[in-house]
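**Q** What would the 3D arrangement of this be:
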Amino acid sequence: MSDMRTWRTWGHGGMWHTGGWGTRGRAGPSGAGAVPGRAPGSEAAVAPSMKSPAVVGVLCTDSQGLNLGCRGTLSDEHAGIISVLAQQAAKLTSDPTDTPVVCLESDSGNIMIQKHDSITVAVHKLLS
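**A** Next up is the predicted model:
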């Protein structure tokens with residue numbers, strides 16, 4: 001039985017892109033590359049987000065702050081705070097269907113954070 005999970009990344013033109021985690025129990029098509037303590041296929045799910053030259057970091061975390069996969073400038077040490085920021089932002093709205101996006105802005109780029117179901121995704125993007 002396959003368990004498909006979805007993720008979103010901040011992509012070209014300021015749009016969120018939705019993709020799939022893959023089938024539970026495998027890390028990508030061959031099952032190779034599994035990382036202990038991470039969701040199966042999470043590294044494969046993070047990789048497409050890094051194809052844009054402006055994207056320099058991607059991180060996926062669960063609601064407990066467990067790093068499910070990361071690449072680039074975002075690392076395991078960021079997972080907890082990214083999870084908490086998304087949870088706290090969700091408390092600012094009374095509409096349970098409204099999913100806020102947290103945007104951390106700096107002179108050099110932005111980190112966009114959004115929770116989707118039980119997964120939180122952060123994307124670090126340089127300014128063009």
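**Q** Regarding the residue nearest to Ser75 when sequence neighbours are not counted, which helix or strand does it belong to?
**A** Nearest residue to Ser75, sequence neighbours excluded (C-beta to C-beta, 6 or more residues apart in numbering): Leu59, at 7.4 Å. Using the backbone N, CA and C atoms, a C-beta is placed for each residue, glycine as well. Per DSSP states H and E: Leu59 is located in strand 55-62.
**Q** Go through that strand and flag the buried ones.
**A** Val55, Val56, Gly57, Val58, Leu59, Cys60, Thr61 (16 or more other C-beta atoms under 10 Å).
**Q** hey, what's the last one bridged with?
**A** Applying DSSP bridges to Thr61 yields these beta-bridge partners: Asn67, Thr120.
**Q** contacting residues around it?
**A** Asn67, Leu68, Ala79, Gly80, Ile82, Ser83, Ile119, Thr120, Ala122 (C-beta atoms under 8 Å, 6 or more residues apart in numbering).
**Q** of all those residues, which two lie farthest apart?
**A** Gly80 and Ile119 (14.6 Å; C-beta to C-beta).
**Q** Neighbour count for those two, which is higher?
**A** Ile119 (23 against 14; other C-beta atoms under 10 Å).
**Q** Good, wrapping up.
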